[in-house]
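A.B. asks: what's the 3D shape of this:
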Amino acid sequence: MGLIQFGALLLLLGACTGFQWVKTTDDGAQLDICSGAPVKLQWYFNLSQGERVKEIEWKHQAEDGDVRVVANYIKKNFVPTADFSGRVSHGGTGALELSCATILESGNYTVLVKIVDVANTVSEHHRSATVVINDMPKTQSGQMDVQQDRKAVRDVTTNLWRVQLTCGQFSDRGHPPVDVIWKTPDGEQLANSNFKNGNFHLLLPNPTKGGNYSCSLPSFSPAAKCLPRDSDLRNDATVDVDETFARFTLLEAHQVAMQAQMDEEAAIAGGKISALESQMENETSAINARLDITTRRVLFHAILGNKISLTDSEHLQPFRKVVNNEGQAFDNTNAEFTAPVDGIYFFIGSTGPKSSGKFGNMRLMKEGVVLSETYIEQDGTYDVMGTCHATVHLSKGQKVWLECTPQPSTFWEGTAFTGFLVHADN
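C.D. replies: The predicted structure follows:
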């Protein structure tokens, strides 16, 4: 038979029926093929006398939507494209055969036939078919293994502990992916709970019933149909569930969960106790610190101890006799008082010239700001004294001192500087 089939019988009868599809795969049909098998698209047609083939084009649209030309027939030559070269052959007229199909060849196949009649009129004729390439499932051992899990599993939908069966290990679920059918000892079919990490898992109802449970591949599954007839995957895998062991598994799971919950609650309680202890320790430290501040004794009294004369604005220092200095806030090296805490303080400085015709000019200073000052002049045989004093709020670290006003002054040896904490801030 040549490439173009001219209907010999029709010619003998003198019929002229025009282009006809014959012995053809139905338009829009679905073909299920196992991977590795050939795809045969039987698109045959007949021509009437005077008709000829101008061109034939075959295309493939993959499942992802990608469209590729498979082959063309032009000028009596069959030309496959590079993607299908060596794997596709012309089966006669519009027929096409693809060898050793893979799941990548799944999709929609079309043929477009352009015919020229005796009047040189071109007509187009189409056929299409959907091809599904199925691939058989595979396991690591070549057979299905089923077992009762050693530990019970918590059902997330009910929060109850259940005995779990595992069927696997699947390295490939095939194409399209297979599920398994579970059967109870009574022959009841159960749906698998989930598929994870190559295994199908089934949670048994509570209370667990003992006996033989099985998992198997459904014979109607397209992927399972591609298994060799002697494949162990066609056989059921069974496991004998022991009720006593199942109940022990559930009891153990409950105990482990209760212990974990108790440990978690103990850890939470321990954390709360530690937090409370830390909080109490911090509060105690803060209370003690406040008590230490409010009960601290801060006071000093210093006497100049020698007669001095100053001609400029200078500190009165040092004092030869520091009578007391509780809290060590008075520094006699520079005769300055530094506040150890925030609070209210009282200070007083007293002096006199102690010589006729002499002057005493003294100021009480806080950080360079005058708090108070005194002026004393000796004008006779009587001794005179003057004081400068102030009650002032100091922040921790602020300083107070006595100094001479910027003019000649004489200070007698009884000049004194006194200060103390009245009340610390809380």
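A.B. asks: now do the contacts for G28.
C.D. replies: Contact partners of G28, counting by CB atoms under 8 Å, 6 or more residues apart in numbering, are S128, A129, T130. The C-beta positions use only the backbone N, C-alpha and C, and glycine is treated the same way.
A.B. asks: for those residues, which one is nearest V113?
C.D. replies: Checking these against V113 by CB to CB gives S128 as the nearest, at 12.3 Å.
A.B. asks: the closest residue to T102 other than its chain neighbours - how many residues pack around it?
C.D. replies: By the measure of CB to CB, 6 or more residues apart in numbering, the closest residue to T102 outside its immediate chain neighbours is S35, 5.6 Å from it. Residues within reach of S35, counting by other CB atoms under 10 Å, total 19.
A.B. asks: how about the one 3 residues further on?
C.D. replies: Residues near P38, counting by other CB under 10 Å, number 13.
A.B. asks: re the thing from before, most neighbours, which of the contacts of G28?
C.D. replies: When neighbours are taken as other CB under 10 Å, the top entry among the contacts of G28 is A129 (20 neighbours).
A.B. asks: quick one, what contacts that residue?
C.D. replies: Going by CB under 8 Å, 6+ apart, A129 touches T25, D26, D27, G28, A29, Q30, L31, L41, N108, Y109.
A.B. asks: show the model's pLDDT score for the last one.
C.D. replies: Right, the one you point to is Y109. We have a pLDDT of 97 for Y109.
A.B. asks: that older thread, what residues are up against the residue nearest to T102?
C.D. replies: S35 makes contact with A101, T102, I103, I133, N134, D135, M136, H175, C226, according to CB under 8 Å, 6+ apart.
A.B. asks: using TSV, lay out the residues you listed together with neighbour count.
C.D. replies: Formatted as TSV, the contacts of S35 follow (neighbours: other CB atoms under 10 Å):
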residue	neighbour count
A101	20
T102	13
I103	16
I133	24
N134	22
D135	21
M136	22
H175	19
C226	21
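A.B. asks: which one of these is nearest to T351?
C.D. replies: T351 lies nearest to H175 out of these, by CB to CB, at 108.6 Å.
A.B. asks: would you list the phi and psi of A266?
C.D. replies: phi -70, psi -40 (degrees, to the nearest 10).
A.B. asks: how near is it to I273?
C.D. replies: Here the criterion is CB to CB, to the nearest Å. By it, A266 lies 10 Å from I273.
A.B. asks: count the residues that sit near P218.
C.D. replies: Burial of P218 is recorded as 13 neighbouring residues (other CB under 10 Å).
A.B. asks: who touches both of A266 and I273?
C.D. replies: Between them, A266 and I273 share no contacting residue under CB under 8 Å, 6+ apart.
A.B. asks: just the CA trace of the helix or strand where V131 lies, in CSV.
C.D. replies: Applying DSSP states H and E as the criterion places V131 in strand 122-134. Extracted as CSV, the C-alpha positions of strand 122-134 are listed here (Å, rounded to 0.1, in the frame of the first residue of the first chain):
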residue,chain,number,x,y,z
VAL,A,122,-7.5,23.2,-1.1
SER,A,123,-9.5,21.6,1.7
GLU,A,124,-8.3,21.0,5.3
HIS,A,125,-9.2,17.9,7.5
HIS,A,126,-8.5,17.6,11.2
ARG,A,127,-8.4,14.8,13.8
SER,A,128,-7.3,15.0,17.4
ALA,A,129,-6.8,12.6,20.4
THR,A,130,-5.8,12.9,24.0
VAL,A,131,-3.0,10.6,25.0
VAL,A,132,-2.4,9.8,28.7
ILE,A,133,0.9,8.1,29.4
ASN,A,134,0.6,6.1,32.6
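A.B. asks: just to revisit the earlier point, distance to E336 and pLDDT added to the contacts of S35, as TSV?
C.D. replies: As requested, those are exported to TSV (distance: CB to CB, whole Å; pLDDT from 0 to 100):
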residue	distance to E336	pLDDT
A101	101	93
T102	95	93
I103	93	92
I133	98	96
N134	98	96
D135	94	95
M136	97	95
H175	92	90
C226	100	94
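A.B. asks: quick one: which of these is nearest to V400?
C.D. replies: Closest to V400 out of those is H175 (92.7 Å), distances taken as CB to CB.
A.B. asks: how about the contacts made by the closest one?
C.D. replies: Residues near H175 by CB under 8 Å, 6+ apart: S35, I103, I133, N134, D135, A223.
A.B. asks: how about JSON lines for these, with distance to T121 added?
C.D. replies: Output for these, formatted as JSON lines (distance: CB to CB, whole Å):
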{"residue": "S35", "distance to T121": "43"}
{"residue": "I103", "distance to T121": "42"}
{"residue": "I133", "distance to T121": "39"}
{"residue": "N134", "distance to T121": "43"}
{"residue": "D135", "distance to T121": "46"}
{"residue": "A223", "distance to T121": "48"}
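A.B. asks: residue ranges with poor pLDDT in the chain?
C.D. replies: 1-17, 192-193, 287-295, 354-356, 380-382 (pLDDT under 70).
A.B. asks: need the helices for it, in chain order.
C.D. replies: In the chain, the helices defined using DSSP state H lie at 8-13, 222-225, 243-295.
A.B. asks: which one of the ones you listed lies closest to N361?
C.D. replies: Closest approach to N361 among those (CB to CB): helix 243-295, 36.5 Å.
A.B. asks: just the buried members of the contacts of A129?
C.D. replies: With burial judged by 16 or more other CB atoms under 10 Å, the buried subset of those is T25, L41, N108, Y109.
A.B. asks: contact partners for the second one?
C.D. replies: L41 makes contacts with T25, L31, W58, G91, A95, L96, E97, Y109, V111, A129, V131, as judged by CB under 8 Å, 6+ apart.
A.B. asks: apart from its chain neighbours, what residue comes closest to the fourth one?
C.D. replies: Nearest-residue entry for G91: E97, 5.0 Å, with adjacent residues in sequence omitted and distances by CB to CB, 6+ apart.
A.B. asks: measure how buried that neighbour is and give me the count.
C.D. replies: E97 has 15 neighbouring residues, counting by other CB under 10 Å.
A.B. asks: and what of A266?
C.D. replies: Other residues lying near A266 total 10 when counted by other CB under 10 Å.
A.B. asks: try A424
C.D. replies: Count around A424 with other CB under 10 Å applied: 20.
A.B. asks: from L299, how far off is it?
C.D. replies: Taking CB to CB, one finds A424 at 13 Å from L299.
A.B. asks: okay, and the common contacts of these two?
C.D. replies: Joint contacts of A424 and L299 (CB under 8 Å, 6+ apart) do not exist.
A.B. asks: related to what we said a few turns ago, tell me which of the contacts of A129 is nearest to T415?
C.D. replies: Taking those together and measuring to T415 by CB to CB, the closest member is N108, at 114.3 Å.
A.B. asks: sounds good, over and out.
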